[in-house]
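*Asks:* I would like the atomic coordinates for the input below:
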Amino acid sequence: MLLTLAATLAIVVQDRAPLRAAPSLRATELTTLWQGEVLEVRDERAGYLKVYNYHRERGGYVKTEAIRAISLNEPEAPALLAVLRFLRDSAGSEALGISYGAAYLKAAPAGALTAEPLDAIARMAERLADAASGDGARHRDVAAHLEVVAQFGIQMRSFDRNGHMQVCYDGELYRQVLSLRHASGEERARAVLGLTRPDCIDPGLGILQRALLDEERRALLDGIEERPLSAMTRSRLYARRAAVWAAVAYEKARRGQAPGAAAQRALAELVSVHPQDLGEEHRAEYLDALLRVGAIRWAAVAPAPQVGSLILAARPGKPGQTCLTLAEAQRPASALLSRCTYGIVWTASVQPVAHGRALVLAVQPLESWRELWVFHESVGGWTVDVLSPGADDPEEGYVEFAGFAPGTQRLLIVREVKDRGRFRRRFEELRLEDLVPVRQSSNPELLADFGRWQDAAWRRDTLALH
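*Replies:* Residues are numbered from 1 along each chain as shown. Prediction:
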């Protein structure tokens, strides 16, 4: 938009600024102007400026204090950059900051351009998209601000995710930052973090498209050298790598390839994160990575021979299916129960409990959603119940076996879930006969059976105690 204008220009600095038909408070209000809009100034009269808005194709009068005159000449570029630096971290001023950033890009000579203004505009665009999604600091005028920044070529993508509208910046300026040799390590890292957000992946992507996207995200993240980064950015990078490698491990398992190495890399990256360095602003990124790696962690464990009185055999079913057969070890040909699933069956998780009268198994139907299947004997014979991380639509989460208390016949489990942007962790004791919760707490030390009967292997390997 700025490229087409050569007259005296001004930027609207106030939201809901009225454009009137005459220079008077009693004059008819023609339309409402929003911060960041660019106007051509044509005259001044009685505390008003006569302006023309090319985007709306409408002229009128606006109060002088509602706008700031700007110049796109090279000598004015430092002043525009100073305002951009002031606004880039101001929540609610993203449209205004992007407008000043566009003005600076027009005024600055090509040889003097650095990655800084591109990085600043991209960060503000990303923050504005988060506000539109309800994931950031919300402000009531976000829809109007999105319309303003679109005039400067800022493109957004939107899609439905579990009944929630997700808005994401398309990342074009982040890609430009990565193309500049003189971009700093922090600027490059922020660009890669902006381009690899898991919440900005369209859930409608096909299997092949998603695999290619995950490979692209992995390559971007592995291309960043972490040593020159600040402690916060370094931990953000490790957390994002962990989440992406968890996605790679899941895709490999879904295509029938060995996921072990990718899962081990996800665990290694997660261990490298220092949560105390992230602060409150970015702690959710660590918790997100923790859930995603927790859901895939059985991919890093090699299956061991089954021991005990029950044997669970897995065989291919229909295309994409795995069929399970439960039998007694002494009579493997006589099935007690059969069940098929399109989820990934982690046979390394098979564990008999209750003196061989029950068996638990981890099954993962989605990338970041892992269930616990409980095979147990009831009055009518053998049955299998599926425990999910949460009762609502799948977003992120897992539930896993944590032990068994023989005296009370209680199954010990832990659930971790992300529900509407909030992370919850619950340790529970369930009656084995019907899997009804008896006690639960956010702290396992408050549950007596957890203190005595938690499984040693679970305590050693789980991520739920982080």
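
*Asks:* Would you mark the buried spots in the helix or strand containing Ala191?
*Replies:* Under DSSP states H and E, the secondary-structure element containing Ala191 is helix 185-195. By 16 or more other Cβ atoms under 10 Å, the buried positions in helix 185-195 come out as Gly185, Glu187, Arg188, Ala189, Arg190, Ala191, Val192, Leu193, Gly194, Leu195. C-beta coordinates here come from the backbone N, C-alpha and C atoms, glycine included.

*Asks:* Serialize those to JSON lines and add fields for distance to Arg426 and pLDDT.
*Replies:* JSON lines is the format used below for these (distance: Cβ to Cβ, whole Å; pLDDT from 0 to 100):
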{"residue": "Gly185", "distance to Arg426": "40", "pLDDT": "96"}
{"residue": "Glu187", "distance to Arg426": "40", "pLDDT": "97"}
{"residue": "Arg188", "distance to Arg426": "39", "pLDDT": "97"}
{"residue": "Ala189", "distance to Arg426": "35", "pLDDT": "98"}
{"residue": "Arg190", "distance to Arg426": "35", "pLDDT": "98"}
{"residue": "Ala191", "distance to Arg426": "37", "pLDDT": "98"}
{"residue": "Val192", "distance to Arg426": "34", "pLDDT": "98"}
{"residue": "Leu193", "distance to Arg426": "30", "pLDDT": "98"}
{"residue": "Gly194", "distance to Arg426": "33", "pLDDT": "97"}
{"residue": "Leu195", "distance to Arg426": "34", "pLDDT": "98"}
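
*Asks:* I'd guess Phe86 is in a helix, am I close?
*Replies:* Yes: under the criterion used here (DSSP: H, G, I helix; E, B strand; the rest coil), Phe86 sits inside a helix.

*Asks:* residue contacts, Lys252?
*Replies:* Lys252 sits next to Ala258, Pro259, Ala262 when contact means Cβ atoms under 8 Å, 6 or more residues apart in numbering.

*Asks:* would you turn those into JSON lines with secondary structure?
*Replies:* As requested, those are exported to JSON lines (three-state DSSP):
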{"residue": "Ala258", "secondary structure": "coil"}
{"residue": "Pro259", "secondary structure": "coil"}
{"residue": "Ala262", "secondary structure": "helix"}
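
*Asks:* now these in CSV, with pLDDT and distance to Ser133?
*Replies:* Listed next are the contacts of Lys252 as CSV, based on pLDDT from 0 to 100; distance: Cβ to Cβ, whole Å:
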residue, pLDDT, distance to Ser133
Ala258, 95, 36
Pro259, 96, 31
Ala262, 97, 29
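
*Asks:* before we move on, back to that, next helix or strand past the helix holding Ala191?
*Replies:* helix 207-222.

*Asks:* Which neighbouring elements make contact with that following helix?
*Replies:* helix 185-195, helix 231-254 (3 or more Cβ pairs under 8 Å, 6 or more residues apart in numbering; DSSP states H and E).

*Asks:* closest one to Ile296 among these?
*Replies:* Set against Ile296 and scored by Cβ to Cβ, the helices and strands packed on helix 207-222 come closest in helix 231-254, at 4.5 Å.

*Asks:* pLDDT on the closest one, on average?
*Replies:* Here the mean pLDDT over helix 231-254 is 97, rounded to a whole number.

*Asks:* same deal with stretch 435-446?
*Replies:* Per-residue confidence for stretch 435-446 averages out to 93 on the pLDDT scale.

*Asks:* Endpoint to endpoint, it covers what distance?
*Replies:* According to Cα to Cα, to the nearest Å, stretch 435-446 extends 20 Å from its N-terminal end residue to its C-terminal end residue.

*Asks:* Which residues belonging to it are considered buried?
*Replies:* Judged by neighbour count using 16+ other Cβ under 10 Å, the buried positions of stretch 435-446 are Leu435, Pro444.
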